[in-house]
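Student: Compute the structure for the input listed below.
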Amino acid sequence: MKENQEEQPFAVVLDEIFTADPLPIAQLYRLSDMQEEDAAHFWQGWTAVSDERRQAIVRHLADISEDNFVVDFAPLFIPSLQDSVADVRIAALDGLWDTTDLNLIAPLTEMMKSDPEERVRAAAAGSLGHYVLLAEWGQLPETILPELVGTMLATYENEETAVAVRRVLLEGLGAADNPRIGDLIAEAYENGDPATQLSAVFAMGNSADRRWTVTVLGEMESPYEDMRAEAARAAGAIGNSDFVPQLASLAYDEDLAVQTAAITALGQIGGDEVQRILANMLDDPEVEENEEILEVVEEALEESAMMAGDFNFADFPYGDPIDDL
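Tutor: Sure, this is the predicted structure:
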């Protein structure tokens, strides 16, 4: 079936993508790495596609990009940053989340500052924060950081910047090695607004700074599920073994998001004690009956084992990867 679809003329494929009901998801892969002539046909027809259809297409392309590292839809996402529909612009930003294209920093900065939709400005701020994270990890040149962090700080401290945008900026700035960030995180945490406090805890995790250990431990006992989950995620990012006992308790939290965050965090922290906890969970009848949690535990155990150098691909449960190709 897949081979027959790939043999179809691109014009036929394009017509189906633009008009068929339901949207043929499998055909969207043909939009990756388009030849110049095919791309010209795409953009010629794109102008006539309805707002709702454009939104659906770009959203699906972003979702595919998240799960498939082989496809390349960036040539479609970049022009879509200027689409008239906010949801299309947001989907395009999501699709470009892992980009390392430094040429996009300027247009993303402009979107953060002046896009007419607040949620688009917030999404653009998140994209810029990802550039900060990649640069701090050494995956992008550190030379981009002074100007980028300076711009984000200036926008954050601008009183006219919407709270939603400031929250996302703080989350991204958490990763920056800048002496001002710690104070900004502390101020946001003490703000009293629950949403801003959530972003502050996210920024604590993004900083990977153990100075926040006591605060994060405290929030893992919060009566609010979203805060417990955020604190668990921060604990995994910080990676302090002091978090392990509390995370082990949250691994059985009544809230699924909290459970998932706690188990994932345990895998990120690793160590003999973590592997023992996760291995015991695999033998727990309650966990065995919950496929979703069971999968999270297995993934966390694999990550913990890989960190310790104990992971054996011969034990990989899905068969020989080479044979599957």
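
Student: May I ask which helix or strand encompasses the closest residue to residue 115 other than its chain neighbours?
Tutor: If you skip the residues right next to it in sequence, residue 115 has residue 121 as its closest partner in space, 4.9 Å away by Cβ to Cβ, 6 or more residues apart in numbering. The way it works is simple: take the backbone N, C-alpha and C, and place the C-beta from them, glycine included. When elements are assigned from DSSP states H and E, residue 121 belongs to helix 118-136.

Student: cool, and residue 232?
Tutor: Taking DSSP H and E as the criterion, the element that holds residue 232 is helix 225-238.

Student: State the three-state secondary structure for the residue most central in space within the chain.
Tutor: Centroid-nearest residue in the chain: residue 97, 7.3 Å away (criterion: Cα atoms, centre = their mean). Classification of residue 97 by DSSP: H, G, I helix; E, B strand; the rest coil places it in coil.

Student: Residue 129 is in contact with that one, correct?
Tutor: No - between residue 97 and residue 129 there is no contact under Cβ atoms under 8 Å: 10.5 Å.

Student: Residue 298 is in contact with residue 264, correct?
Tutor: No - taking contact to mean Cβ under 8 Å, the distance of 11.6 Å between residue 264 and residue 298 leaves them out of contact.

Student: which one of these two has more residues nearby?
Tutor: Using other Cβ atoms under 10 Å as the criterion, residue 264 and residue 298 rank with residue 264 on top: 20 against 16.

Student: pLDDT of whichever strand or helix holds that one, averaged?
Tutor: Take DSSP H and E as the rule and residue 264 turns out to sit in helix 256-269. Predicted confidence along helix 256-269 averages 98 (mean pLDDT).

Student: Quick one: list the elements packing against it.
Tutor: helix 225-238, helix 244-250, helix 272-282, helix 291-308 (3 or more Cβ pairs under 8 Å, 6 or more residues apart in numbering; DSSP states H and E).

Student: And the closest residue in space to residue 252 that isn't next to it in sequence, how far from residue 266?
Tutor: With Cβ to Cβ, 6+ apart as the criterion, residue 252 has its nearest non-adjacent residue at 7.0 Å, and that residue is residue 259. When distances are taken as Cβ to Cβ, to the nearest Å, residue 259 and residue 266 turn out to be 11 Å apart.
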